[in-house]
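Engineer: Need the 3D shape of this:
(one chain, ligands or ions: 1)
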Amino acid sequence: MRTKLERIRADIEALAAFNATPGEGLTRLSFTEEHRKAAQYITEQMQQAGLAVRTDAVGTIIGRMEGTDPAAPVVMCGSHFDSVKNGGNFDGPAGVITGLETARVLHENGVVPKHPIEFIAMIEEEGARFGAGLFGSRAMTGRLGEQELATFTDPDGITTGQAMRAFGLDPAHYADAVRKKGEIKNFIELHIEQGPILENSGDAVGIVETVVGIKEVEVTVTGRPDHAGTTPMDMRADAFLVAAKTAIAANEAAVAVGEGTVATVGKLEVRPGSFNIVPGKVVFYVDIRSKSTDCIEAVLAAVTAKLNELTAGNGALSYALRMMVETKPVQADPHVCDLLAESAEKLGLTSRRMLSGAGHDAMIMADITNIGLVFVPSRGGRSHCPEEWTDYDLLQNGIETVCETVQRLACE
Ligand SMILES: [Zn+2]
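Structural biologist: Below you'll find the predicted structure:
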């Protein structure tokens, strides 16, 4: 392999040290001191790899390698380096380091690509500080608005715009980060899988063909709070019972439609929330994900049908739906997927085609370019927790595959 395991390890360990909660997982929120120090490390590493480094209007670090045809569209490679609260060292940094190591290998080997290559490190992908997430990629694809910068706040009431200003960025210039369609040839991102599939199958790399679509629906069920001891079972309007049966219906519908469709009720609030009162109101969330829009709609239809059935005939029971998140499935570029598979094979690595059940910056970048998304195994499938781990040699397999693929994309 041309990539070096010791450098990969050093990068992961160096970035892991820029952490607001040592000993309790990695916390590196956007526009903080930890962010600033990590950005400085990434910038220095990019410069040492011979890249021309700049920071775009919202804080994405871009290290550029010129091509023989400077006007040719850019091959872009990278990920994000912010984290969730008390997360792990790999979600995001693995993909940023993939860019750093690829740049070093091409630099050392004197590769001069035809297309310019930009290695990037984005922030606020997790939305852990301001709530929205995918910030750098949304800024790059024109999906970021002035209103968000002025109104989205962190728990201390600081707006995104204020935090940017304190960090040395001018929020008024956010639109300068936008890249035009045709300007970027490909966007390649490596990410840890955050699930158990690769570890179970034993494959070295996952090549994502589809990033699932998501519908997240807020359901409010209104019933009637009554005394839990004195109200007979047939005279209740129990909002929790409706929610519980609907959650089961969502689960069964996802299993029934198949195609990898998943449905989850992960948040539920029971009011008034007392052991001796029949629940009068419940607010819960149904998160539905699938590669097929039809499957998502089928699960949602089953949820609605169940709610109708459970509230019909009891005047005291009603429900309301509110759509919180709605994204369509996104396809990776078939040509990039083929090149990734060929690169893995050439390196003697096994690969498998798979779905991504989580959203990543690559999903947003698909708006303006042809994307490739590569997964490496996560130990125990764990992520967004201090135990998040990928063995360095397993990470190197993915990095080597991306390195090979980026070189081929930039030279074709
Ligand atoms: Zn991530």
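Engineer: Up against the ion, what does the stretch 51-200 of the chain have?
Structural biologist: 91-92 (CB under 5 Å from the ion). All C-beta atoms are positioned from the backbone trio N, CA, C, and that covers glycine.
Engineer: can you pull out the helices in the stretch 51-200 of the chain?
Structural biologist: In the stretch 51-200 of the chain, the segments counted as helices under DSSP state H, counting those that start in this stretch are 93-108, 135-140, 146-151, 160-167, 197-201.
Engineer: Kindly reformat those helices as a markdown table containing mean neighbour count and mean pLDDT.
Structural biologist: Listed next are the helices of the stretch 51-200 of the chain as a markdown table, based on neighbours: other CB atoms under 10 Å; pLDDT from 0 to 100:
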| stretch | mean neighbour count | mean pLDDT |
| --- | --- | --- |
| helix 93-108 | 26 | 98 |
| helix 135-140 | 28 | 96 |
| helix 146-151 | 14 | 94 |
| helix 160-167 | 19 | 98 |
| helix 197-201 | 16 | 97 |
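Engineer: Can I get these in a markdown table including distance to Asn251?
Structural biologist: A markdown table is the format used below for the helices of the stretch 51-200 of the chain (distance: least, CB to CB, whole Å):
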| stretch | distance to Asn251 |
| --- | --- |
| helix 93-108 | 32 |
| helix 135-140 | 32 |
| helix 146-151 | 34 |
| helix 160-167 | 36 |
| helix 197-201 | 20 |
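Engineer: The chain - how does it break down into domains?
Structural biologist: 5-211+329-411, 213-327 (automatic domain parsing).
Engineer: Near Glu216, how many other residues are there?
Structural biologist: Residues lying near Glu216 (other CB atoms under 10 Å) number 18.
Engineer: how near is it to Asp287?
Structural biologist: 5 Å (CB to CB, to the nearest Å).
Engineer: sorry, back to before: can you tell me which of the domains of the chain is packed in deepest?
Structural biologist: Burial of the domains of the chain is given as mean neighbour count (mean count of other CB atoms under 10 Å); domain 5-211+329-411 ranks first at a mean of 20.
Engineer: Span of that domain from start to end?
Structural biologist: Taking CA to CA, to the nearest Å, domain 5-211+329-411 runs 25 Å from one end to the other.
Engineer: secondary structure class for Ile8?
Structural biologist: Recorded secondary structure, Ile8: helix (DSSP: H, G, I helix; E, B strand; the rest coil).
Engineer: Kindly state the pLDDT recorded for it?
Structural biologist: At Ile8, the model reports a pLDDT of 98.
Engineer: Against Lys267, how distant is the residue lying closest to Thr21 once chain neighbours are set aside?
Structural biologist: Nearest residue to Thr21, sequence neighbours excluded (CB to CB, 6 or more residues apart in numbering): Thr27, at 4.2 Å. Distance of Thr27 to Lys267, computed by CB to CB: 22 Å.
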